[in-house]
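J.: Next input, structure requested:
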Amino acid sequence: MEVRLRAVGLAIGALLLSSCATTRDTAFSNIYVADFHSDSPATCRSSDVPRSHGQAREFFSKAREVDYKTLHDNYELAPCYAEGTLVRQGKSCDWQIRAGATGSVQCAEQKLYFACDNCGDLFGTAK
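T.: Next up is the predicted model:
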């Protein structure tokens with residue numbers, strides 16, 4: 001009986017672990033780049049942000065979700081960004097990725113914030 005309980009416990013633990021291993025990359029799908037905006041065209045250009053669908057997808061798979069205070073207090077809010085759409089939980093959402101290696105996803109009333117400390121290759125500089 002003890003062996004059977006232990007086996008059931010291990011199976012449940014493995015199931016929980018595999019469900020925790022799901023990444024944001026699978027939570028976001030159909031990630032498309034639609035446009036680029038800059039409040040400072042002389043210093044912040046389209047080459048400063050991810051420009052392809054694959055690069056945007058990679059940003060969201062590498063970035064970590066942070067709260068607004070962490071984003072505001074610890075990261076630069078760059079004056080230019082790429083924007084587009086993605087699907088989260090079956091619903092269409094809008095996203096932005098800024099040149100400072102930060103981003104956001106807006107799904108209806110909910111806004112999620114992201115920061116990426118190891119995405120320099122996506123921005124052309126070591127960020």
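J.: before we move on, which element is Asp121 in?
T.: Using DSSP states H and E, the element containing Asp121 is helix 120-123.
J.: Which other helices and strands does that helix contact?
T.: Under the contact criterion of 3 or more Cβ pairs under 8 Å, 6 or more residues apart in numbering; DSSP states H and E, helix 120-123 touches helix 53-62. (C-beta placed from N, C-alpha, C; glycine too.)
J.: what is the rounded mean pLDDT of the helix it packs on?
T.: Averaging pLDDT along helix 53-62 yields 94.
J.: so where's the protein shaky on pLDDT?
T.: Where the chain drops to pLDDT under 70, the residues are 1-26, 124-127.
J.: And the helix holding Asp121, what's buried?
T.: For helix 120-123, a neighbour-count test (16 or more other Cβ atoms under 10 Å) marks Leu122, Phe123 as buried.
J.: Could you export it as CSV, CA atoms only?
T.: The C-alpha trace of helix 120-123 is given here as CSV (Å, rounded to 0.1, in the frame of the first residue of the first chain):
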residue,chain,number,x,y,z
GLY,A,120,20.5,42.2,-26.8
ASP,A,121,20.7,40.1,-30.0
LEU,A,122,17.1,41.2,-30.8
PHE,A,123,17.9,44.9,-30.4
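J.: which residues are in contact with that helix?
T.: Residues from elsewhere that reach helix 120-123 (Cβ atoms under 8 Å, 6 or more residues apart in numbering): Asp48, Val49, Pro50, Gln55, Glu58, Phe59, Lys62, Ala99, Ala101, Cys116, Ala126, Lys127.
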